[in-house]
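*Asks:* What would the 3D arrangement of this be:
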Amino acid sequence: MRAEVGDRLVVESPRDDAHRRTGVVTGIRGAGGSPPYQVHWSDAEGGHDALVYPGPDAHIEHPPGGTGAEAEGTDAMHTTKRWNVDVVVEEESEGESARTWAEVGLVADDGTALRGHGMSRKHPTDLDVPEIGEELAVSRALSDLSRQLRQVAAEDINDNTGTPWRPT
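*Replies:* Next comes the predicted model:
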């Protein structure tokens, strides 16, 4: 792994309930662009600086049109794919209570179709704010879809390398 000041360091999340972290490399402490890196994290709390020794779940992203350290002397390749996720939300009310169901679907280029499901309930004493039920149901459906997609990726890793995927 090699970086330059201004590159982005991205650390992928090994769990469905955590988000990836993104930071900007503000300093290089290793030789020739090697770790460790001084990184300014773009956290919700306003960010902070840290000295980082990236693990196997991290990668460097170079700014578009930049001269990133890993691109020196190589032909760069750029591929873009678009994945669309369909979201369907349905609500059922009975008296003072309500239930909201969400289904999200993803169809990959190879025809693989995945569907995630989520549900939320409104307690009879809760305020009637349908958006909250929709947000919860959709977030749970997306989490279910994310879990399934990670399982497909783990199976692909195992099939292609013969080594089971181990989240870090």
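*Asks:* and Arg141, how far is that from Val129?
*Replies:* Not Arg; residue 141 is Ala. 19 Å (Cβ to Cβ, to the nearest Å). Backbone N, C-alpha and C define where each C-beta goes, glycine included.
*Asks:* Comparing those two, which residue is more hemmed in?
*Replies:* Ala141 (24 against 10; other Cβ atoms under 10 Å).
*Asks:* Dihedrals phi and psi, the more buried one?
*Replies:* Torsion angles at Ala141 (phi, psi; degrees, to the nearest 10) stand at phi -70, psi -40.
*Asks:* show me what contacts the nearest residue to Arg115 once chain neighbours are set aside?
*Replies:* Nearest non-adjacent residue to Arg115, counting by Cβ to Cβ, 6 or more residues apart in numbering: Gly105, 4.9 Å away. Counting by Cβ atoms under 8 Å, 6 or more residues apart in numbering, Gly105 makes contact with 85-86, 88, 113-116.
*Asks:* For ChimeraX, write a command that selects the buried ones of the residues you listed.
*Replies:* The buried residues among these can be selected in ChimeraX (16 or more other Cβ atoms under 10 Å) with this line:
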select :114,116
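*Asks:* Filter the contacts of Gly105 down to just the ones in strands.
*Replies:* Mapping those onto strands (DSSP state E) picks out 85-86, 88, 113-116.
*Asks:* Looks like Leu114 contacts Val152 (just checking).
*Replies:* Yes. The criterion here is Cβ atoms under 8 Å, and Leu114 meets it with Val152 at 7.2 Å.
*Asks:* what about stretch 143-150, distance to the chain center?
*Replies:* 11 Å (Cα atoms, centre = their mean, to the nearest Å).
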